[in-house]
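Student: just coords:
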């Protein structure tokens, strides 16, 4: 990216609201954690006629109780395939991204996440969709100590360039905003959630390490928990914010039916979680490690993006960002059901402890 940029924010109430007729909503990355938080809202909303779910792995929505979802396997890297898959959509929600795991090729990640996002927006316009919703991340604010601790949507985008996730999310925002300038009939809303957690977090965490290792670790935690054994882990060196997958889903649902457009909203649960509380809320024991030692270790891990791009995320644990969510509350009427503590505690179910 060529330096920092400041996206537009705040809604424009003059844009026409979605049609009063029933809507067909397409969701990329529907099998991920945020998708699972959104689907119950769409399933129960009578204004939503059907949901086109897109993903890359086999999945059977009826087996999980989703009667409205028509699932299509599609790769966002193929614009024509995506165009065919989105046929009939009135609203497109873009959640899909390539996982930032061990041994990932950063150029391939960029093609999938940056170019793939452009493909989804172009396909949405081609099929006649009139509303586009993209889930970005608080990571676009960067991890440096020079930015404000409490971030608002007015703050400049300053991604941590060595870290793929932060840099790619910022590049996607910039690319989509540029394309939307030439689409005056396309309403749009972006969201920047903090760390998303919840009962489906285990699947997302599995992207960080090889599948066999993730499965073995999960099995050990589950067996240990059943036996009354709780692993000990160090707490993070700084307080953290979290947002529940269902609360992100609620915000997206509101954006689907609102008249707002041209808006970017931050999402986070109320309050923060103190370092010592993080292991406890996950059902683990706290390993007493000095915060300076933990901070140093995390800083070293964050500088190994060639090994695992996802490790760039741990930089957030040394330079936290607290999101101001007043804009989403004021313009969308969004109210999180879960505090940061409650959201993190709900992840314990995913760990089986």
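Tutor: Sure thing, it's come through. Bear in mind that the values here come from a model prediction, so they are computed numbers and not experimental data.
Student: what about the helices in the stretch 1-150 of the chain?
Tutor: Here the stretch 1-150 of the chain has its helices, by DSSP state H, counting those that start in this stretch, at 33-44, 79-85, 106-110, 116-126.
Student: ok, and what's touching the second one?
Tutor: Residues outside helix 79-85 that contact it (C-beta atoms under 8 Å, 6 or more residues apart in numbering): 26, 52, 54, 72, 74-76, 119-120, 122-123, 126-127. Every C-beta, even on glycine, is put in place using the N, C-alpha and C of the backbone.
Student: just to revisit the earlier point, worst average pLDDT in the helices of the stretch 1-150 of the chain?
Tutor: Mean pLDDT is lowest for helix 106-110 among the helices of the stretch 1-150 of the chain, at a mean of 72.
Student: strands along the stretch 251-353 of the chain, start to end?
Tutor: Ranges of strands in the stretch 251-353 of the chain, per DSSP state E, counting those that start in this stretch, are 263-267, 285-286, 322-323.
Student: so what secondary structure elements neighbour the longest one?
Tutor: Contact partners of strand 263-267 among helices and strands, from 3 or more C-beta pairs under 8 Å, 6 or more residues apart in numbering; DSSP states H and E: strand 187-193, helix 245-257, helix 326-332.
Student: for residue 283, which of those is the nearest?
Tutor: Nearest to residue 283 among these is helix 245-257; the distance by C-beta to C-beta comes to 18.2 Å.
Student: would you mark the buried spots in the closest one?
Tutor: 245, 246, 247, 248, 249, 250, 251, 252, 253, 254, 255, 256 (16 or more other C-beta atoms under 10 Å).
Student: residue contacts, the spatially closest residue to the last one that is not a sequence neighbour?
Tutor: I take that to be residue 256. Spatial nearest neighbour of residue 256, chain neighbours left out: residue 91 (5.3 Å); criterion: C-beta to C-beta, 6 or more residues apart in numbering. Taking C-beta under 8 Å, 6+ apart, we find residue 91 in contact with 18, 23, 24, 25, 26, 129, 130, 131, 132, 133, 256.
Student: just the closest of those residues to residue 65, please.
Tutor: Residue 65 lies nearest to residue 25 out of the contacts of residue 91, by C-beta to C-beta, at 17.4 Å.
Student: how close does the closest one sit to residue 164?
Tutor: Residue 25 sits 29 Å away from residue 164, going by C-beta to C-beta, to the nearest Å.
Student: so what's the residue nearest to residue 256 bridging to?
Tutor: Beta bridges link residue 91 to residue 25, residue 131 when assigned by DSSP bridges.
Student: now do it, the pLDDT please.
Tutor: 98.
Student: number the residues from 43 up from this point.
Tutor: All right, first residue 43 from here; so that's residue 133.
Student: what's the neighbour count on residue 63?
Tutor: 9 (other C-beta atoms under 10 Å).
Student: from residue 84, how far off is it?
Tutor: Residue 63 is 16 Å from residue 84, by C-beta to C-beta.
Student: now swap in residue 181 and tell me
Tutor: Relative to residue 84, and taking C-beta to C-beta, residue 181 is found at 26 Å.
Student: ditto for residue 93
Tutor: From residue 93 to residue 84 the distance is 5 Å (C-beta to C-beta).
Student: overlap in contacts of those two?
Tutor: 67, 69, 110.
Student: was I right about the second one contacting residue 95?
Tutor: In other words, residue 69. Yes. At 5.5 Å, residue 69 counts as touching residue 95 under the criterion of C-beta atoms under 8 Å.
Student: any idea of the pLDDT on the nearest residue to residue 132 once chain neighbours are set aside?
Tutor: Using C-beta to C-beta, 6+ apart and skipping the chain neighbours, the partner closest in space to residue 132 is residue 65 (4.6 Å). Listed pLDDT for residue 65 reads 97.
Student: can you check residue 260 too?
Tutor: Reported pLDDT for residue 260: 45.
Student: buried ones in stretch 312-332?
Tutor: For stretch 312-332, by 16+ other C-beta under 10 Å, it's 314, 315, 317, 319, 320, 321, 322, 323, 324, 325, 326.
Student: among those residues, name the ones in helices.
Tutor: Counting by DSSP state H, those place 319, 320, 321, 322, 323 in helices.
Student: name the nearest of those relative to residue 150.
Tutor: Closest to residue 150 out of these is residue 320 (32.3 Å), distances taken as C-beta to C-beta.
Student: that closest one touches residue 387, doesn't it?
Tutor: No. Judged on C-beta under 8 Å, residue 320 makes no contact with residue 387 at a distance of 10.3 Å.
Student: flag the shaky bits of this structure, pLDDT-wise.
Tutor: For the chain, residues meeting the criterion pLDDT under 70 lie at 43-62, 140-148, 185-191, 202-205, 244-279, 328-362, 392-395.
Student: which residues do residue 69 and residue 95 both contact?
Tutor: With C-beta under 8 Å, 6+ apart as the test, residue 69 and residue 95 both reach 77, 81.
Student: re the thing from before, which of the contacts of residue 133 tops the neighbour count?
Tutor: Highest count within these by other C-beta under 10 Å belongs to residue 67, 30 neighbours.
Student: hang on, that one packs against residue 81?
Tutor: No. Applying C-beta under 8 Å as the test, residue 67 and residue 81 come out as separate, 10.0 Å apart.
Student: residue contacts, the closest residue to residue 92 other than its chain neighbours?
Tutor: Once flanking residues are discounted, residue 92 sits nearest to residue 66: 4.8 Å by C-beta to C-beta, 6+ apart. By C-beta under 8 Å, 6+ apart, the contact list for residue 66 reads 90, 91, 92, 93, 94, 130, 131, 132, 133.
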